[in-house]
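1. can you look at this prediction? I've put the sequence above it.
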Amino acid sequence: MDTSYPREEYPPAPSRKREPSPTVHVSPPPRDHLIWSIFNTIYMNFCCLGFVALAFSVKARDRKVAGDVEAARRFSSKARCYNALATAGSVVLPLLLVALVITGVIHLSKLAQESVGFFTYQLSGTDEDNK
């Protein structure tokens, strides 16, 4: 029993040789770094650098949509620089603060030990022995 549906027979497609296209180097459109800018604006807003980066990211996206690739590349570069500064500042400053707190605690503990030693100092002799 043949249950196959009617099939049409298609002839094999003729192979087409591709003509070598002229070599054109098209650079990819610049990245706008919008997600990174939003992240820096919301979570790690150091001296409003994240907001500045967000403004340049939006400008880069607008220029890219308008077709002005060179202006988009300039705005993208500025957005990347501000994002890098905001990220570095937001990572370095808390680490610096933690390091200062740790060194302060160590210094205060040594100072407290020296103070305890000073107040518990026993004189080796009395004043009567020196007469």
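-> On my side now, so go ahead. Owing to the predicted nature of the structure, the values given are computational and were not obtained by experimental measurement.
2. measure Ala84 to Ser109 for me?
-> Ala84 sits 38 Å away from Ser109, going by Cβ to Cβ, to the nearest Å. No exception for glycine: its C-beta is placed from N, CA and C like everyone else's.
3. from Pro28, how far out is Asn83?
-> Remark: distance between Asn83 and Pro28 (Cβ to Cβ) = 19 Å.
4. those two - which one has more neighbours?
-> Between Asn83 and Pro28, counting by other Cβ atoms under 10 Å, Asn83 is the more crowded of the two (25 against 6).
5. verify the contact between that one and Ile38 for me.
-> No. Taking Cβ atoms under 8 Å as the contact criterion, Asn83 and Ile38 are not neighbours in contact, 10.1 Å apart.
6. the more surrounded of Ala84 and Ser109?
-> Regarding Ala84 and Ser109, a neighbour count based on other Cβ under 10 Å identifies Ala84 as having more, with 15 against 10.
7. what is whichever helix or strand that one is part of packed up against?
-> Following DSSP states H and E, the helix or strand that holds Ala84 is helix 69-119. When contacts are defined as 3 or more Cβ pairs under 8 Å, 6 or more residues apart in numbering; DSSP states H and E, helix 69-119 sits against helix 34-42, helix 49-66.
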